[in-house]
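K.L.:
With the sequence up front, the predicted model follows.
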Amino acid sequence: VPLPADSHRGPSLLKVLSVSRLDLPMAETRWEEDSLGRREVPRNAYWGIQSLRAKENFPVSGLSSSTHLIRAYAQLKLAAVRANVALGGLDERRGSALATAGEEMAQGRFDGEFVVDVFQAGAGTSFHMNVNEVLTNRALEILGRPRGDYRELSPNDHVNRGQSTNDTYPSATQVAVLLALRDLRTSVTVLAESLERKGTEFAGLTKAGRTHLKDAMPVTLGREFRAYGTALRHTLEILPGIEKALAEIPLGGSAVGSGINSVPGFRARAVEEYARLTRLPLTVARDPFESMESRWPLAAVSGWLRTLALELVRIANDLRLLSSGPATGLDEIRVPEIQPGSSIMPAKVNPSAAECLNMVAFHVVGADAATALAV
């Protein structure tokens, strides 16, 4: 849809909502079929027809899902394949090929094949089928079959045996969050240690303490910095309870929690294998119906991230205030000069790192508000 000549407000609504179709030469495509009909898919793509439909339906942000989620889903599918083979729900030949594909996906080999936008329909079916199709087509390749030969190996009937988006997506999401928290915990600990070291370094520097921004009793700069470190450690002390809740996953519940269409013993075996692969203390949900209906663990971790973000905003604002000046502000500390602070005043330097931290923290707070609506 062409834009009006005088348009200056970005693309029109019609353009945003328009559906782009593949325009490729016939030799570069293959035909695939789903319940809605037949479509051409790029011949060399590991993703298939359902990923194509989602790609066309939701051209929203251009952002794909995080690598944490891709890894978590790949390991989940690998765990499910191994459980199904062990319990007789999947034959060894197909299972071996799918296991190899799952291992490769978990190593990041197919990150570029995840073409579904992060903004998509409902509970994650589009992304889930993107995972299933990539695994299927790589496994078909291992078996010496052409991509898209879903009669030989189906993304629904074989890869997804005994599973549903309703149990796998929440499980993979919670594992992805646990993996990301492991990295974040390390970073917060390093920051707390750095602030505590500064606390020791500044132990002998006495300054004015302030309440209501007015002078109060003396304190040392060291005590202020040690308090920053303590605050971050306190946030970490809240985390284990949230992590325990995230580790209780609904995998094996299938569509509604009952485990329908899965082989006997699949739920326990799949979760046990998933825990081994991720090296996380994953457990079978005490009530799979509740764990699929309620997403409160994600609300809890989002709230924790908001708390951490607000603590960082408080610390950053303190540093900005203490470094204000130099001629007309407090000028009690000097922050590193990492870049010029003005296009018109050459000597001016701003607390740019603290300001950047604030922007990131504000984004986290906004994400928590969005999460509250989603759970």
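P.N.:
Received, thanks.

K.L.:
all strands of the protein, in order?
P.N.:
29-34, 37-42, 206-211, 214-220, 248-249, 283-284 (DSSP state E).

K.L.:
Packed most tightly, which of the ones you listed would that be?
P.N.:
Ranked by mean neighbour count, these are led by strand 248-249 with a mean of 24 (mean count of other Cβ atoms under 10 Å). C-beta here means a position set from N, CA and C on the backbone, and glycine is covered the same way.

K.L.:
elements contacting it?
P.N.:
helix 165-201, strand 283-284 (3 or more Cβ pairs under 8 Å, 6 or more residues apart in numbering; DSSP states H and E).

K.L.:
and if we set it to 6 Å?
P.N.:
In this structure, strand 248-249 packs against no helix or strand, with contacts taken as 3 or more Cβ pairs under 6 Å, 6 or more residues apart in numbering; DSSP states H and E.

K.L.:
That one pairs with which strands, parallel or anti?
P.N.:
The strands beside strand 248-249 in its sheet (DSSP bridges) come out as strand 283-284 (parallel).

K.L.:
which residues touch stretch 88-100?
P.N.:
Applying Cβ atoms under 6 Å, 6 or more residues apart in numbering, the external contacts of stretch 88-100 come out as Val81, Asn84, Val85, Ala139, Ile142, Leu143, Leu153, His158, Arg161, Val263.

K.L.:
now do 7 Å
P.N.:
Residues outside stretch 88-100 that contact it (Cβ atoms under 7 Å, 6 or more residues apart in numbering): 78, 81-82, 84-85, 135, 139, 142-143, 153, 158-159, 161-162, 263, 266.

K.L.:
Any of the residues you listed buried? List them.
P.N.:
Applying 16 or more other Cβ atoms under 10 Å to those, the neighbour count classes 78, 81-82, 84-85, 135, 139, 142, 153, 158-159, 161-162, 263, 266 as buried.

K.L.:
Out of these, which is nearest to Asp368?
P.N.:
Taking Cβ to Cβ as the measure, Asp368 lies nearest Leu78 of the buried ones among the contacts of stretch 88-100, at 31.9 Å.

K.L.:
Grab the nearest non-local neighbour of the closest one.
P.N.:
Distances taken as Cβ to Cβ, 6 or more residues apart in numbering place Gly102 nearest to Leu78, at 3.4 Å, with adjacent residues excluded.

K.L.:
all helices for this structure, in order.
P.N.:
Secondary structure of the chain (DSSP state H): helices located at 13-17, 49-57, 67-87, 92-106, 125-142, 165-201, 221-246, 266-278, 288-293, 296-322, 352-374.

K.L.:
Mean pLDDT for these - can I get that in JSON lines?
P.N.:
Shown next, in JSON lines, are those (pLDDT from 0 to 100):
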{"stretch": "helix 13-17", "mean pLDDT": "33"}
{"stretch": "helix 49-57", "mean pLDDT": "97"}
{"stretch": "helix 67-87", "mean pLDDT": "98"}
{"stretch": "helix 92-106", "mean pLDDT": "98"}
{"stretch": "helix 125-142", "mean pLDDT": "98"}
{"stretch": "helix 165-201", "mean pLDDT": "97"}
{"stretch": "helix 221-246", "mean pLDDT": "98"}
{"stretch": "helix 266-278", "mean pLDDT": "98"}
{"stretch": "helix 288-293", "mean pLDDT": "90"}
{"stretch": "helix 296-322", "mean pLDDT": "98"}
{"stretch": "helix 352-374", "mean pLDDT": "97"}
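
K.L.:
I am finished for the moment; much appreciated.
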